[in-house]
Every structure is written in structure tokens, then in C-alpha cells.
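Novice: quick one, what's the 3D model for this:
(2 chains)
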Amino acid sequence: DAGITQSPRYKITETGRQVTLMCHQTWSHSYMFWYRQDLGHGLRLIYYSAAADITDKGEVPDGYVVSRSKTENFPLTLESATRSQTSVYFCASQRDSYNEQFFGPGTRLTVL
Amino acid sequence: QKEVEQDPGPLSVPEGAIVSLNCTYSNSAFQYFMWYRQYSRKGPELLMYTYSSGNKEDGRFTAQVDKSSKYISLFIRDSQPSDSATYLCAMLNQAGTALIFGKGTTLSVSS
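Specialist: Okay, here's the model as predicted:
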């Protein structure tokens, strides 16, 4: 399907486990982003990438790891999940600077 | 002080009402302003995108930016139940690469 997709859509895991959230876009956009959305905090940027093999920290990067070996994929890994990482995670892509960001449908993650 | 402040509401209005949603920001360097709409359990989608001060109209929606007051608004005319959603204001950083979001205002339009 064209656009931006995320998988899984729902995930339940336990504290201490490693979890990887996937993001795929079909537009060949340069920029990709990961946000988390929590009640009372809104959308907060975790990491972003300007191109393949270029990543940078956002506002709340601790406990997360990203990679971008291909332009179309931008996985987010929680190396050792904690309950505070229970959230809804959104991936987004942007063609280049000063353009619209397009969001994926989100992944709802629960850490028990 | 957070860079972007937005009253979370909730805001409840009857169908046909005019709705005013607002955000304030602290960084005078912001030049690009956006409004996103987010339906329940969906990703945000862009509604309006404006540059610098002034008004922009798109159908029932008008976005207004007052850079002197660091204040942006979104007006919805003739509101419909389908407008019930969370509205997020956002500003692009100076590099044009990252969005700083307000917390969002939840709007409910009753028929």
C-alpha cells in the first residue's frame, strides 16, 4: 500500500524485553520521525532522520534506539522496555525541509 | 515555560457554532505554523499550513497568525459533528525539519 505504515498496530510486552516498532514509507521522503503521544504531554519527538544513515535525538530519546539503513524504513527499538514507555507511537515522514509531515496510523504499546 | 501552549479543553459546542482554537508560543523565530486534526485512534493529518503573519482560509477553516503577539488561531465556521476531533497546533523549527506541538484541544460538536 502507498503511504506510511506502522507495525504492529498493537503490542503488549513485559518490562525488560526488547521491542522493535516498524515504520515504512513509500514516498522516498528524506525525513522520518518518531513521536510518542501521552495524555498531558501531547506529541513529543523521540528521534528523527534526515536521510539514510543520519539520525538525531529529539526531545525524549532516552531508552530508545533508531537506525535507518534504507530510506523507506525507520525502525524504533526499545532495548529494555519500561512501564513509562507505555504510549502511542507515531512515525512520520517529510519530503524535505519546510514541507508537510505525514503521519502513520500509530502503534499502541503497553508495557506490563 | 513550554515553547507552545495550547488549552486542552475539552470544548463542546452545538452544530453550526463558530469554534475558535488558540495557541501561544515563546520563540519569536518561528515562521511556519500548522494545524493538525487527529481523530480518535488515528494519526494526525494536516489541516492548515501558514507562513508568517496573516490569515489563510480553506472552506470552513481559517488560520490566523499574529507574530507580534506570538498567537495563532484556528476558526471553524458552521461546525459539524464530523469536526469532533483533537486539534493540534504545531510550529516548524528554524531548520524546517522538526515540529513542536501544542498538547492539543479536544473538540466535540453535538448535533
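
Novice: check which helix or strand residue 49 maps to.
Specialist: Reading this off chain A. Remark: A:Ser49 resides in strand A:42-51, with elements defined by DSSP states H and E.

Novice: nope, chain B please
Specialist: Secondary structure (DSSP H and E) places B:Tyr49 in strand B:45-51.

Novice: partners of that strand in the sheet?
Specialist: Paired neighbours of strand B:45-51 in the sheet (DSSP bridges): strand B:32-38 (antiparallel).

Novice: could I get the average pLDDT for the partner strand?
Specialist: Strand B:32-38 shows a mean pLDDT of 96 in the predicted model.

Novice: who's in contact with it?
Specialist: A:98, A:100, A:103, B:21, B:44-51, B:61, B:63, B:65, B:72, B:74, B:85-92, B:96, B:99, B:101, B:104 (C-beta atoms under 8 Å, 6 or more residues apart in numbering or on different chains). In this view, the C-beta of every residue, glycine as well, is placed from N, C-alpha and C.

Novice: make it 6 Å
Specialist: Applying C-beta atoms under 6 Å, 6 or more residues apart in numbering or on different chains, the external contacts of strand B:32-38 come out as B:44-51, B:63, B:65, B:72, B:74, B:85-92.

Novice: what's the neighbour count on B:Asp83?
Specialist: Residues near B:Asp83, counting by other C-beta atoms under 10 Å in any protein chain shown, number 19.

Novice: also A:Thr55?
Specialist: Neighbour number of A:Thr55 under other C-beta under 10 Å is 18.

Novice: grab the nearest non-local neighbour of it.
Specialist: Among residues not flanking A:Thr55 along the chain, A:Ser49 sits closest, at 4.7 Å (C-beta to C-beta, 6 or more residues apart in numbering or on different chains).

Novice: bridged to the one you found, which residues?
Specialist: A:Met32, A:Thr55.
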